[in-house]
Every structure is written in structure tokens, then in C-alpha cells.
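>>> Dropping the sequence and predicted coords here.
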Amino acid sequence: MPVAPNSSGLPKREVNRGAWTTQEDRKLAQVIEVHGPRRWKAVAAKAGLSRCGKSCRLRWLNYLRPNIKRGDISVQEEDLILRLHKLLGNRWSLIAGRLPGRTDNEIKNYWNSHLSKKIKHKQHRGGRSTHMQQDSALCTDGATMGRGCAAQREANGMTNCVNFTQDDSTGKDPMNLEWMSRFLEMDESWLDFL
DNA sequence: AATTTGCCCAACCGCAGACTC
DNA sequence: GGAGTCTGCGGTTGGGCAAAT
């Protein structure tokens, strides 16, 4: 009975899974240093790792990439996440793109473990006037809204006023959190139209 | 001290769009 | 234009750990 290939094309049995070892990290970092962070399948092969390309990419983006900030999300960052989520929905990569050094995975985890609970808790205590509550009114369930809600807004041309790209996700973006925070304050006005 | 429960986060999976031939 | 491959994204899972019992 042949082993069914996974999405990377490699037989499941031959692919290493689970936590990365420091040795694997080192090998991956070395290859990326030489060949750059692209052609992930080739990177995995060159590094001699029994990992699929996707796994290598994820490891690089979420852990090995330079300028990564880990843990200790500040109050300012948290506020920014809340505001951006209100505008963009579960578009974690876009939100992460506005938070230098933060990854989409980290923000997604932070949202799911901290902020979504905060919002629920706040909602439970009554009142629907804060922007956090508006958020849940816009997108009833953060976990299921996903691309749909944000895509809907894109279809309505609502993201035109906020031209987000991910090119600056490495932290080179000159825009700082304070600027973005102030911008979002202004931008909230369009929510009244919803 | 042992077991259970709940939380956090790294990693995986499936899908869709972009790219290449 | 179409098929195959690659890349990026968001949702979900499961292992490890700490707190609670």
C-alpha cells in the first residue's frame, strides 16, 4: 500500500513533524542566509531537512526571521490589534504587517487566547458602546468570520482608504504605532456607515 | 504527591491565488 | 489557455506546562 503524499508532495512517512530542534533551526538559517527565503521546497532539500517546504517557511517566518519580537505585547500594541481587527477582521497577516516584529501567528494566538475573551467578558457586562463591542457587532464571531467579512468590506471598497501591504512586516516601516493609532481613531468614523 | 483541568502557543492542514512552463 | 507547482493565509490541533483539586 503506497503512502499517500501530503500537500508538499512528500510521502507522509518520510516527513519530520513536530517541534523543531536547534540543529534543524541552524541548518535552515544557514541555507536561507545563502539562498534567501524563497523556494522553500528547495531550501528544505538543501538544508537536508526531512521537512516540507511549508514547515520550513513557517518556522522561518514565526521564529527564525530577524527582528522578531516575542511575547510581552504592550498595551499600545494590544489597542492597535483591537482597532485593526475592527477594520480588517481576521486578516492576521495584514494586522501583523502594522506591528513591526510581530507575526500573524502570534497575533492570531494572542487574539484567540486573550482579546476574544476580553471582548466577550466586556460584552457580558453590558453596553455596546466601545469599539471592542462594535467589533463583535460587525463580525459576530471572530473565529468564523475570517476572509468573508473582510472580503465583503473589500468588495465594498472599504479598504481603499487603508492601503495595507505586507512589505514592511519586517519592521522597516517608518510608521510607528502611535501614528497608526491616531490614524485609526480618525478612520473609525466610517464605521458609522455600516 | 498524584491527578485533572485549562491555557498557551508552535506547528499542521486545507484552501485559494499567484506563478511557471 | 490549462495544468502543475509554489506561496501565503486563516483555522485548527495537540503537546507542554502551570494551577487547581
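Looks like it came in fine.
>>> how does chain A divide into domains?
Under the assignment automatic domain parsing, the domains of chain A span A:12-64, A:75-193.
>>> Lowest mean pLDDT across the ones you listed, which one is that?
Looking at these, the lowest mean pLDDT belongs to domain A:75-193 (a mean of 61).
>>> and chain A, which of its residues are near DNA strand B?
Neighbours of DNA strand B within chain A, by C-beta under 7 Å from any atom of the strand: A:6-7, A:12, A:16-20, A:51, A:54-55, A:58-59, A:62-63, A:70-71, A:105-106, A:108-110, A:112-114, A:117. No exception for glycine: its C-beta is placed from N, CA and C like everyone else's.
>>> repeat that with 6 Å
A:6-7, A:17-20, A:54-55, A:58-59, A:63, A:71, A:105-106, A:109-110, A:113-114 (C-beta under 6 Å from any atom of the strand).
>>> among those residues, which are within reach of DNA strand C?
Among the residues of chain A next to DNA strand B, the ones lying near DNA strand C by C-beta under 6 Å from any atom of the strand are A:Lys54.
>>> of the residues of chain A next to DNA strand B, buried ones?
Among the residues of chain A next to DNA strand B, the ones that count as buried by 16 or more other C-beta atoms under 10 Å are A:20, A:55, A:58-59, A:106, A:110.
>>> For A:Ala45, which three-state class applies?
helix (DSSP: H, G, I helix; E, B strand; the rest coil).
>>> how far away is it from A:Arg59?
Using C-beta to C-beta, to the nearest Å, we find A:Ala45 at a distance of 15 Å from A:Arg59.
>>> Then A:Ser113?
21 Å.
>>> Kindly report the same for A:Pro37.
From A:Pro37 to A:Arg59 the distance is 11 Å (C-beta to C-beta).
>>> How many residues are close by A:Arg102?
Here the number of neighbours of A:Arg102 (other C-beta atoms under 10 Å) works out to 23.
>>> host element of it?
Assigned by DSSP states H and E, A:Arg102 belongs to neither a helix nor a strand.
>>> cool, A:Ile81 as well?
According to DSSP H and E, A:Ile81 maps onto helix A:75-88.
>>> So for the next helix or strand after that helix, what gets flagged as buried?
Counting by DSSP H and E, the next helix or strand C-terminal to helix A:75-88 is helix A:92-97. For helix A:92-97, the neighbour count (16+ other C-beta under 10 Å) marks A:92-97 as buried.
>>> want to try CSV for the residues you listed, with distance to A:Ile32 as columns?
Shown next, in CSV, are these (distance: C-beta to C-beta, whole Å):
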residue, distance to A:Ile32
A:Trp92, 23
A:Ser93, 20
A:Leu94, 24
A:Ile95, 25
A:Ala96, 20
A:Gly97, 20
